[in-house]
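Student: Quick check, what structure comes out for this input:
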Amino acid sequence: MRNYAILLFPLLFILMQSCERNPLEVNTSEISVDLSTNRLDRDFFQFNTSDPEAAHQMLYQKYGTFYYLYLEEILRTGPGEDYRSLALSIDFINDPYMAEAYNAIQHLYTDEKIAESDEILTEAFRHYRYHFPDALVPEIVYYHSGFNFGIYSTDSVIGVGLEWFLGRANEITIQLPFPEYRKSKMDPAYLEANIIKDWCNRYLYQDMSDADLLDNLIYYGKIMYMVESMLPSMADSTLMNWPAGAIEWCHKNEFSIWKELANEKQTLFESNQFEIQKWLIDGPFTSGLPQDSPAMAGIWIGWEMTRSYHAKFPDKSLNEVLIKDSKEIMKYYNPKK
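Tutor: Got it, this is the predicted structure:
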């Protein structure tokens, strides 16, 4: 009997360890990623206004079609191929407020600061390559968008508007006609999380216009789970762009949030856009929950549901989890009381 006990305890220990295994804890040490990053913000504001056509051509040669997208979609100065739109570009560079924002970017986002971000992003894309070995690693292009686009992704480039991440206490941010809850998201600590979030959103993109609330919760939860897979060491609050207390509030009130969703009114299967969006959109709090709740609590619930599913089946690949049906994922969610 004693010999059986000696054998049993290690076996129990192994079983307990396997039950607690985090499927997102992976070894990326053998994965090499060459992350390319460029500073369009600097290149553009050092524009040679005495010879704008030559400067324009030089930027196109360096940044390719993304430079035209920057002019057309981000700055909205006009067609990239039309040299007449350069006059508006020069106006943007010479605008005192935009120049002040540019100087604030240069003060905060030094070469050393960008190198720190690039290191975090490189490790994130190592994790990405672990889960998706054949996936393309995008180029990162930092720019000044004039507060038009914080993040603008294409199939091969993630554009990042650094003026959106100057911090809520920065004089530039203070002057913006944005509500305070939005300014609170403009923290440099959220930079890398938002870059990865936008890329994951593009990778998993689906048209959700006809989907019900459950499908929306799981869809956005899967995006957050993919973000977590790339930034597994980053705090949940940072990934959600929340203060730390917001995550604590959600854990404390998880069962109450779920009760509000899974009620007798069949809210989870509601297709009304107003009912859906109140759980997903940014704001001072989540409509329908107490005012000390964080906004977008529905996304957090979808994230927890996706986590619960993968914890139940840790041997499944990340991709297998990401393509799993919403109702199947919901079966394994047991909100904490």
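Student: can I have stretch 116-128 written out in CSV, keeping just the CAs?
Tutor: Extracted C-alpha coordinates of stretch 116-128, given in CSV (Å, rounded to 0.1, in the frame of the first residue of the first chain):
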residue,chain,number,x,y,z
GLU,A,116,11.7,49.9,-26.1
SER,A,117,8.4,49.6,-28.0
ASP,A,118,10.0,47.8,-30.9
GLU,A,119,11.4,45.3,-28.5
ILE,A,120,8.0,44.6,-27.0
LEU,A,121,6.5,44.4,-30.5
THR,A,122,9.2,42.0,-31.8
GLU,A,123,8.5,39.6,-28.9
ALA,A,124,4.8,39.9,-29.7
PHE,A,125,5.4,38.9,-33.3
ARG,A,126,7.5,36.0,-32.1
HIS,A,127,4.4,34.7,-30.3
TYR,A,128,2.4,35.4,-33.5
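Student: gap between it and the chain center?
Tutor: Remark: stretch 116-128 is offset 13 Å from the chain centroid, using CA atoms, centre = their mean, to the nearest Å.
Student: Could you do stretch 111-124 as well?
Tutor: Mean-position distance between stretch 111-124 and its chain equals 16 Å (CA atoms, centre = their mean).
Student: what's in contact with it?
Tutor: Here stretch 111-124 makes contact (CB atoms under 8 Å, 6 or more residues apart in numbering) with 28, 33, 35, 37, 39, 140, 142, 191-192, 195-196, 230-231. Placement of C-beta: from N, CA and C, glycine included.
Student: Show me just the buried residues among those.
Tutor: Thr28, Leu35, Thr37, Arg39, Ile140, Tyr142, Leu191, Glu192, Ile195, Ile196, Met230, Leu231 (16 or more other CB atoms under 10 Å).
Student: Among the residues you listed, which are located in strands?
Tutor: Thr37, Arg39, Ile140, Tyr142 (DSSP state E).
Student: List the contacts of the second one.
Tutor: I take that to be Arg39. With CB under 8 Å, 6+ apart, Arg39 has these contacts: Ile114, Tyr142.
Student: if we can go back for a sec, take the ones in strands among the buried ones among the contacts of stretch 111-124 and lay them out in JSON lines including distance to Tyr130.
Tutor: Formatted as JSON lines, these follow (distance: CB to CB, whole Å):
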{"residue": "Thr37", "distance to Tyr130": "21"}
{"residue": "Arg39", "distance to Tyr130": "28"}
{"residue": "Ile140", "distance to Tyr130": "19"}
{"residue": "Tyr142", "distance to Tyr130": "26"}
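Student: Tell me the one among those residues nearest to Phe178.
Tutor: Nearest to Phe178 out of those is Tyr142 (CB to CB; 21.3 Å).
Student: Looking at strand pairing, list the partners for that closest one.
Tutor: Arg39, Val160 (DSSP bridges).
Student: does it really touch Phe44, like I thought?
Tutor: No: using CB atoms under 8 Å, Tyr142 makes no contact with Phe44, being 10.5 Å away.
Student: ok, Leu282 - how many residues close by?
Tutor: Actually, residue 282 is Asp rather than Leu. Under the neighbour criterion other CB atoms under 10 Å, Asp282 is assigned a count of 12.
Student: nearest residue to it other than its sequence neighbours?
Tutor: Excluding its sequence neighbours, the residue lying closest to Asp282 (CB to CB, 6 or more residues apart in numbering) is Ala295, at 5.1 Å.
Student: Who are the contact partners of that neighbour?
Tutor: Contacts of Ala295 (CB under 8 Å, 6+ apart): Tyr181, Ile281, Asp282, Gly283, Pro284, Phe285, Thr286.
Student: any idea of the pLDDT on it?
Tutor: The model reports Ala295 with a pLDDT of 97.
Student: and it, which of the three is it?
Tutor: State at Ala295, reduced to three classes by DSSP: H, G, I helix; E, B strand; the rest coil: coil.
Student: how close does it get to Gly80?
Tutor: 36 Å (CB to CB, to the nearest Å).
Student: repeat for Thr49
Tutor: 18 Å.
Student: What's the separation between Ile257 and Asn272?
Tutor: Distance from Ile257 to Asn272, by CB to CB: 19 Å.
Student: more neighbours, those two?
Tutor: Neighbour count, other CB under 10 Å: between Ile257 and Asn272, Ile257 has more, with 22 against 11.
Student: contacting residues for Glu139?
Tutor: Ser36, Thr37, Asn38, Ser156, Val157, Ile158.
Student: Apply 6 Å and report the result again.
Tutor: Ser36, Val157 (CB atoms under 6 Å, 6 or more residues apart in numbering).
Student: which non-adjacent residue is nearest Pro232?
Tutor: Nearest residue to Pro232, sequence neighbours excluded (CB to CB, 6+ apart): Leu24, at 5.0 Å.
Student: For the one you found, grab the count of nearby residues.
Tutor: 20.
Student: coming back round to it: and the contacts of Ala295, which are buried?
Tutor: Buried by 16+ other CB under 10 Å: Phe285, Thr286, out of the contacts of Ala295.
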